[in-house]
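Enquirer: how does the following fold in three dimensions:
(2 chains, ligands or ions: 1)
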Amino acid sequence: MKCLRCGNSDPAYFYKGSKGYYCRKCIRFSRLLLEEELEPYDYEISIGCQEYHFDYELTKDQKETSKRCLTKLTDGDVLLLCVCGAGKTEIAVESISAYLQKGLKVAYAISRREVVIELSKRFADIFKHAKVTAVYGGHHDQTKGDLIVCTCHQLYRYYQTFDLLIIDEVDAFPLKGNETLMNIAISSCRGRIIFSTATIDTNLKQVLKQRNYSSVELYVRPSYKPLSVPKTVCLNRYIALLYLYRMMKLMANQCIVFVTSKKDCRQLFRLFSHFFSCTYVYSDHEKRDENIRSFKQKEKKFIFSTTVLERGITIHNISVIILNFGKGFDQSSLIQMLGRVGRGVGDQGGETYIISEHYSSAVKNTLAYLKEANSHLEMSVLR
Amino acid sequence: MFIKNDPLCLKCRSALKVKRKKVQIEGISFETFFDYDGIFKSLLLQFKECYDEALAEVFLYELSDYIFMRYQGYRIAFIPSSEKKRQQRGFDHLEKIFKEVKLKKVHCFEMKEEITQEGKNLFERRKMITNYRYTGKPVKKLLIVDDVVTTGSSLIGAYTCAKPYAEKIKLLSLAYKNSSIQ
Ligand SMILES: [Zn+2]
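Expert: Predicted coordinates:
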C-alpha cells in the first residue's frame, strides 16, 4: 500500500473505513481512498499569456540570475538561494514565461495566504494576458488557470500536474520540518521544481539528496547595500531588560523587537508601554492586523513581535532588536528577521542587535552567512 | 476486561479533558462532556470534515460505560445530518461515535428541509427548531444526542417534535460551544 499523495507506505497509517482503505498521514488535507482516482487536471494554457512586463527595470544581477535559472532548468531542478530582499519572485518570472510559452503548467507555491493574495496581484500585473488564479484556504472555487499561485497546503489538489513548480520560502513554516507536506508538494509536480530559499535546513537537504539539482545564487539586493551584520551581546535575562531599555531610549528609528514567545511579547509590552509608544503582535492575537497597521503608519515607534513579522513585511528605515532567549531562534528565522532592515532602494538601513543568554550555534551560523553574502556583494560590485 | 485499547496516545488523551456538566438553554437542560475548543475541536473536525473514521471511538472512550449506566432503558436517537454530507462521508458520524454505547438506538428524526448549519447566523439557525419531523414509533424513554451544541436549536427542535411520542426525554451533547447564547 502506498499513498499517491503523500508517499506514505507505513501500514499503520492506513485505516479501513466505510468506503475502503484511506491514508491517515495526510488525512487533514481530505480523505483520499486508496483506490480513488485522483482527479486529472485539464486546462488549456491560453496562447500569448507568457508575455510579461515589469514596471521597473531589473538590475544586471537579477537579469543574469534569471537567465542562469532558466538554463539550469533544462538539466534538472534548481535550488535558488537568494538573500532577503534580492527579488526572488522577479527572478522566477523569466522561467515561468518560458514554460507558459510552451503551453506547460506552472504553479508558484508559498507558505502564507496573505503573501499568496499579494503575489497573485503582482503576477497579474506582470503577466497582463494570463489568467492568474490564487488558491488558498477559504478561496478555492477556482483551481484552474494559466498560472496558479497558492499556499503549499493547497497543492494537495493537484496530482502530477505541474511542469514547473516554484516552492518559495522552503525554510519557513509550515514546510520547515514537515515531511508530509513536502511530499505532497513534490507529488503535485511532474516536471521541474525551483526551491527558493535563503537557507537550507535538514528537511530540504533530505529532499535534495533524492533529486537531481543545481544551485543558482544571488547575494546582491537591488539597493546594492550590504546586509546588516548585527551587534551581538550576551547578557543574563534581567540585565538584558535594562540594556533593552537603554537601547530603546537611544533608538532614532522605528524598531521591531523580536521575542521567542507570546508570553514575553505580552509582558514586555506591558512593561515598556509605560515608557515608550509601542504595540505588540503574535500570530493569533485578535488585534493582529490592527496593531501591524498602526506600526506601519508610524503611529507607534516600537513593536514587540514573535516570528509572525519575520517575513513579508517591508518598512523603510527600520531597526531590529532580537531577544534570543529560551529555546532561541533558528538560523533561517534570524536571517529573515535581520533581513527586514534596509530593503528598499534608497533605504538608509537601521541598526541590528541580537541579545542572547549565550552565543548559540544558530547565531554563529547567521553571522557567518551574512559575512559570506556580503563578501559576494563586494566581488559583484568590483566586477 | 477492564483494559480497552485506547486509539489516542497518552499525550492527546490527557489533553482531552472530560468536563461533565449540565447546561440549560431556554429551560431545556442537557448533559455535555467537553468544551468545544483545543484538541477536542481539532479531533472532531478531523473526524467530521476530513472523514477520518479511525477517530470515532476516541470521543466516548472513557464515557461509554457511564452513559450506559446513567441512561439505562433509554433509546438513543440521533440528530440527523444532511443527506449530502452523509453521502460524502459514507457514514453517519453520530452513529459511529455512539457505537460503543450499549443502549438501543433508533433513527427517528427527519429533516423537513436540507439545511446545513455551517456559516449560518443566529436567526437562520433558529429555523432548525421547526425543521424536524418525528418518524419513529412512540417510545417510553428517549435520549436525543448531538455532537456540538451552539445555539441549541437542533436539540430543542428535536425535543419539541419528539415530545408527543415519548414519555421521558433526556438530551445529551458531546460538546458545548459557550459563546452565542442569548
Ligand atoms: Zn497520504
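
Enquirer: which strand or helix spans A:Ile193?
Expert: Per DSSP states H and E: A:Ile193 is located in strand A:189-197.

Enquirer: sorry, wrong one. I was asking about A:Lys72.
Expert: Here A:Lys72 is assigned to helix A:60-73, by DSSP H and E.

Enquirer: return the residues in contact with the spatially most central residue of chain A.
Expert: What sits nearest the mean C-alpha location of chain A, by CA atoms, centre = their mean, is A:Glu169, with 3.0 Å. Contact analysis of A:Glu169 by CB atoms under 8 Å, 6 or more residues apart in numbering or on different chains lists A:Ile110, A:Ser111, A:Leu175, A:Ser196, A:Thr197, A:Arg311. Backbone N, C-alpha and C define where each C-beta goes, glycine included.

Enquirer: okay, those residues in CSV with distance to the ion, pLDDT and neighbour count next?
Expert: Formatted as CSV, the contacts of A:Glu169 follow (distance: CB to the ion, whole Å; pLDDT from 0 to 100; neighbours: other CB atoms under 10 Å in any protein chain shown):
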residue, distance to the ion, pLDDT, neighbour count
A:Ile110, 22, 92, 26
A:Ser111, 20, 85, 23
A:Leu175, 17, 85, 26
A:Ser196, 25, 92, 25
A:Thr197, 25, 90, 21
A:Arg311, 28, 81, 22
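
Enquirer: which stretches in the chain count as helices?
Expert: All of this is about chain A. A:60-73, A:88-101, A:113-126, A:179-187, A:202-209, A:237-250, A:262-272, A:288-296, A:331-338, A:361-382 (DSSP state H).

Enquirer: chain B, not that one
Expert: Using DSSP H, helices in chain B cover B:10-15, B:38-48, B:64-70, B:83-89, B:93-97, B:122-126, B:153-162.

Enquirer: mean pLDDT lowest where, among those?
Expert: For the helices of chain B, mean pLDDT drops lowest on helix B:122-126, to a mean of 73.

Enquirer: and it, C-alpha only, in CSV?
Expert: The C-alpha trace of helix B:122-126 is given here as CSV (Å, rounded to 0.1, in the frame of the first residue of the first chain):
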residue,chain,number,x,y,z
LEU,B,122,-28.2,33.0,14.7
PHE,B,123,-31.5,33.8,13.0
GLU,B,124,-31.0,31.2,10.3
ARG,B,125,-30.0,28.6,12.9
ARG,B,126,-33.2,29.2,14.7
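
Enquirer: distance from the chain centre to the helix or strand bottoming out on mean pLDDT in chain B, please.
Expert: In chain B, no helix or strand scores lower on mean pLDDT, DSSP states H and E than helix B:122-126, which sits at a mean of 73. Remark: helix B:122-126 is offset 19 Å from the chain centroid, using CA atoms, centre = their mean, to the nearest Å.

Enquirer: with stretch A:367-382 instead?
Expert: 22 Å.

Enquirer: ok, and what's touching that stretch?
Expert: Contacts for stretch A:367-382 (CB under 8 Å, 6+ apart): A:61, A:83, A:199, A:217, A:219-220, A:224, A:226-230, A:232, A:331, A:335, A:338.

Enquirer: among the residues you listed, which ones are buried?
Expert: Applying a neighbour-count criterion of 16 or more other CB atoms under 10 Å in any protein chain shown, the buried members of the contacts of stretch A:367-382 are A:61, A:83, A:199, A:219-220, A:226-228, A:230, A:232, A:331, A:335, A:338.

Enquirer: for the most centrally placed residue in chain B, give its distance to the ion.
Expert: The geometric centre of chain B, computed from its C-alpha atoms, lies nearest to B:Asp146 (CA atoms, centre = their mean), at 1.7 Å. Going from B:Asp146 to the ion by CB to the ion, to the nearest Å gives 31 Å.

Enquirer: isn't that residue up against B:Ser173?
Expert: Yes. Using CB atoms under 8 Å, B:Asp146 makes contact with B:Ser173 at a distance of 4.7 Å.

Enquirer: quick check: neighbours shared by these two?
Expert: B:Leu155.

Enquirer: mind listing the residues bridging to A:Leu21?
Expert: No Leu there; residue A:21 is Tyr. Beta bridges link A:Tyr21 to A:Lys16 when assigned by DSSP bridges.

Enquirer: count the residues that sit near it.
Expert: By the criterion of other CB atoms under 10 Å in any protein chain shown, A:Tyr21 has 15 neighbours.

Enquirer: what residues does it make contact with?
Expert: Counted by CB under 8 Å, 6+ apart, A:Tyr21 has contacts A:Met1, A:Phe14, A:Tyr15, A:Leu33, A:Leu34, A:Glu35.

Enquirer: which of the residues you listed come close to chain B?
Expert: A:Tyr15 (CB under 8 Å from any CB of the partner chain).

Enquirer: which two among the contacts of A:Tyr21 are spaced furthest apart?
Expert: A:Tyr15 and A:Glu35 (14.2 Å; CB to CB).

Enquirer: compare those two (neighbour count), which wins?
Expert: A:Tyr15 (16 against 8).

Enquirer: domain map for chain A?
Expert: A:1-38, A:60-218, A:231-382 (automatic domain parsing).

Enquirer: buried deepest among these, which one?
Expert: domain A:60-218 (a mean of 19; mean count of other CB atoms under 10 Å in any protein chain shown).

Enquirer: determine how far the last residue of that domain lies from the first.
Expert: 11 Å (CA to CA, to the nearest Å).

Enquirer: need the nearest residue in space to residue 51, chain neighbours excluded.
Expert: Went with chain A since none was named. A:His129 (5.7 Å; CB to CB, 6 or more residues apart in numbering or on different chains).

Enquirer: not quite, I wanted chain B
Expert: Nearest one to B:Tyr51, counting by CB to CB, 6+ apart, is A:Arg31 at 4.1 Å.
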